[in-house]
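A.B. asks: coordinates only, sequence not included:
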């Protein structure tokens, strides 16, 4: 069965210089699309990937990643809207590159569709009330 | 048909007043006609919830032992500088004030995470705020330094005084340049990537009383979730602009100066805000009641987003360089549809003013009046109208 999932991978320092994603392609036959990549000053790596392939291969690849010490999170947990702070103004709507914010035409309230979110973080500082928070 | 404010207040006291919001009145006038609607409806409530930079608060902190005079010295609240050019223990905190050590736009675009608006939000939330001041010392005010926590519940006075709020209509901001720009109208993407607007439109106070027939100096309003008053016309009040046949301005026009006791306002109804690359400001909630004194007045309140036009302005060149050019006009109905057409291109739109919160403001004020908790006031002086001859001028720079 073919699947496609977005995941957030955290690479602890000893793994930052290892060719790990290469193994996902070579050994597990997965396709990847890099949505975000960064190495922090403390030399921890963060990678947001969309992975597509056979479900069995995907599950094996996750076991491989966990085995070598990569921390794995599903993506949707990463961006979070603080409902106490959001005023539903809509400033975020045109900033989001994937259309994860939608204005309800009846209530004018802004819906956050986290399955569309790629955790790029552009909305964080574009929100005047700073209602969008990234949890890594 | 004509009513007086005194008659309407009598009905409010008895709990018999018919109050509707500026959104609800649109259909009422459409189905019943202005004449019948004006007899039935007594008050129309408006609302807006939007960033308004020319806002701030006067605080009187109480005297220290021995006494100190901040006037001529320096004073800070949570590291945000406050104006101390007054008497001994009065200060003014402006919504746009920033800590001395804020990097501003040195690392562009700056974040402006905490400023004067956030201090006011924290005070209103009942949080302790760090106050620090230095003074030069006098015979009658010998002390030169104070550092303490303060709390809004302990200080003598906290008075919100916003010198320009509730703009009657506003620009739609776009960016014609080839780089992203960071403005008080939000992040504007290059090459007409988006169009940002900021008005409650059909719910906005001054768009429902376009010719200032009822709103004047002394009008009692909802401010910051509590009670406030119109203190004066706001700075840059500019009534003599292009208007539609119904009197509704098609450019930024009238403004209000507002005052109220911060201590009785509600947490969350004044919010510190950070505009990336631009600065800190404050989101203010305002609701103005409009007494339905005549058919003409209810017709004005029945204005809908389709009938209110706003100018499209390029914030990469025309706005910063004071060029009068506009790139066309669009209605708030078009803006709220999510897309407008500019120079033949479809451009996605976003609002900086919260419409759901504006509805909440108008509904809250409606509730207060319906329950007899809020009476209307007679203005003591009108706002300057089109005939006043007031026109805002640019600064003429000169050396003598």
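C.D. replies: In hand now; what should we look at? Since the model is a prediction, treat every value here as computed from it, not as a measurement. Numbering: from 1, shown residues only, chains lettered A, B, ... in the order given.
A.B. asks: residue of the stretch 101-250 of chain B nearest chain A, please.
C.D. replies: residue B:194 (3.7 Å; C-beta to the nearest C-beta). To be clear about C-beta, it is placed using only N, CA and C from the backbone, and glycine gets the same treatment.
A.B. asks: quick one: pLDDT of that residue?
C.D. replies: Note on residue B:194: pLDDT of 98.
A.B. asks: also residue A:80?
C.D. replies: We have a pLDDT of 89 for residue A:80.
A.B. asks: which strands or helices does the helix or strand harbouring it pack on?
C.D. replies: Residue A:80 belongs to strand A:79-81 when assigned by DSSP states H and E. Here strand A:79-81 touches strand A:132-134, going by 3 or more C-beta pairs under 8 Å, 6 or more residues apart in numbering or on different chains; DSSP states H and E.
A.B. asks: pull the residues that contact the strand it packs on.
C.D. replies: For strand A:132-134, the surrounding residues in contact (C-beta atoms under 8 Å, 6 or more residues apart in numbering or on different chains) are A:78-82, A:92, A:119, A:121, A:123-124.
A.B. asks: who's sitting farthest from the centroid in chain A?
C.D. replies: residue A:106 (30.0 Å; C-alpha atoms, centre = their mean).
A.B. asks: tell me the SS of the residue lying farthest from the centre of chain B?
C.D. replies: Residue farthest from the centre of chain B, counting by C-alpha atoms, centre = their mean, is residue B:139 at 42.2 Å. The three-state label given to residue B:139 by DSSP: H, G, I helix; E, B strand; the rest coil is coil.
A.B. asks: so where's the chain shaky on pLDDT?
C.D. replies: By default, I'm working from chain A. A:76-77, A:136 (pLDDT under 70).
A.B. asks: was after chain B, sorry
C.D. replies: Ranges of chain B meeting pLDDT under 70: none found.
A.B. asks: which parts of it sit against chain A?
C.D. replies: Applying C-beta under 8 Å from any C-beta of the partner chain, one finds that chain B approaches chain A through B:49-51, B:109, B:111, B:113, B:186-187, B:189, B:193-196, B:268, B:271, B:273-276, B:281, B:283, B:336, B:338, B:348-357, B:359.
A.B. asks: which ones are touching the most centrally placed residue in chain B?
C.D. replies: With distances taken as C-alpha atoms, centre = their mean, the residue of chain B nearest its centroid is residue B:165 (3.0 Å). Neighbour list for residue B:165: B:52, B:54-55, B:234, B:255-258, B:284, B:286 [criterion: C-beta under 8 Å, 6+ apart].
A.B. asks: got it, and residue B:206?
C.D. replies: B:166-169, B:212, B:215, B:253-256, B:288.
A.B. asks: can you do 7 Å?
C.D. replies: Applying C-beta atoms under 7 Å, 6 or more residues apart in numbering or on different chains, we find residue B:206 in contact with B:166, B:168, B:215, B:254.
A.B. asks: among those, which two are most distant?
C.D. replies: Spatially, the most separated pair among those is B:168 and B:215, at 10.0 Å (C-beta to C-beta).
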